[in-house]
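Asker: only geometry, no sequence info:
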C-alpha cells in the first residue's frame, strides 16, 4: 500500500494551508481525512465545499446521517463510519438511527428507510435507478430536489470513502470509540 502523508499547516502544499486552517477552526483539530486530502489542494477544497453544500441542503440532521452512513457502510469505509457516528452524536441524531445504519438493521421509521433504500439504489445502480424505485422514494414524501441532493451527498462520500480506502487513513482518536467492525 502507498503511504500517504498526514499533512499539517507546516507540511501541506501552500494551497492547502488555508484549507487546513479552516478544518482546524471547524473541528478544533485537523481530521485525518483532511490531512491526507491536503496533498491535492483541489480535492480538499472540493470536499469542504461539497460538505458545506450538502449540510445546507433541504435534508434534516437525521436525513443527512442516513445518506452519509448508508454510503459509508455500503462502501465499507473504516474511517467514515466511526467519524459519522461521532458527527451524528454531535448533531443530536438518535443512537437508534446510527445503530441501524451501522448494523444494516431496520430504521425507526418508513420515511428514513425509504431514504436509505433510494440512496442504496443510487450507489448500487450507479445512478441508473429504476423508475419504480424513484416513485417509491417520491411516494415516501421526498421530492425531485431530494433525488438530486442524494447525488450531492453521494458525491461527498465518494471523495472521502475512496481517499480513505487508498490512503488507509487512521481513524482520528476522538472517533476511535465508535470503531466499526463491519457487519458480516
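Answerer: Looks like it came in fine. Keep in mind that what you see is a predicted model, and the values were worked out from it rather than measured.
Asker: quick one, longest helix in this protein?
Answerer: Identified as the longest helix of the chain according to DSSP state H is helix 144-167.
Asker: Quick check: buried residues in that helix?
Answerer: Under the neighbour-count criterion of 16 or more other CB atoms under 10 Å, helix 144-167 has 146, 149-150, 153-154, 156-157, 159-161, 163-164, 167 buried. Yep, even glycine has a C-beta here, placed from its N, CA and C like the rest.
Asker: Check stretch 67-87 too.
Answerer: Those would be 67-75, 77-87, for stretch 67-87 by 16+ other CB under 10 Å.
Asker: ditto for stretch 171-184
Answerer: 171-172, 175, 178, 180.
Asker: what's the closest of the residues you listed to residue 25?
Answerer: Ranked by distance to residue 25 (CB to CB), the buried residues of stretch 171-184 are led by residue 172 at 16.3 Å.
Asker: Distance check, the closest residue to the closest one other than its chain neighbours against residue 113.
Answerer: Of all residues beyond its chain neighbours, the one nearest residue 172 is residue 32 (5.2 Å), with distances taken as CB to CB, 6 or more residues apart in numbering. Separation of residue 32 from residue 113 (CB to CB, to the nearest Å): 31 Å.
Asker: Those two: which is more packed in?
Answerer: Comparing residue 32 with residue 113 by neighbour count (other CB atoms under 10 Å), the higher total belongs to residue 32, at 20 against 15.
Asker: what residues are up against the more buried one?
Answerer: 6, 79, 169-172 (CB atoms under 8 Å, 6 or more residues apart in numbering).
Asker: can you rerun that using 7 Å?
Answerer: The contact partners of residue 32, taken as CB atoms under 7 Å, 6 or more residues apart in numbering, are 6, 79, 169-170, 172.
Asker: any idea how far it is from residue 155?
Answerer: Taking CB to CB, one finds residue 32 at 21 Å from residue 155.
Asker: Could you tell me the phi and psi values at residue 109?
Answerer: According to degrees, to the nearest 10, the main-chain angles of residue 109 amount to phi -150, psi 160.
Asker: secondary structure element for the most centrally placed residue in the chain?
Answerer: Central residue of the chain (CA atoms, centre = their mean): residue 68, 3.9 Å from the mean position. Residue 68 is part of helix 61-74 when elements are defined by DSSP states H and E.
Asker: what angle separates the following helix or strand past that helix from helix 61-74?
Answerer: Downstream of helix 61-74, the first helix or strand assigned by DSSP H and E is helix 80-91. For helix 80-91 against helix 61-74, the angle by axes from the mean of the first three to the mean of the last three CA atoms, to 10 degrees is 170 degrees.
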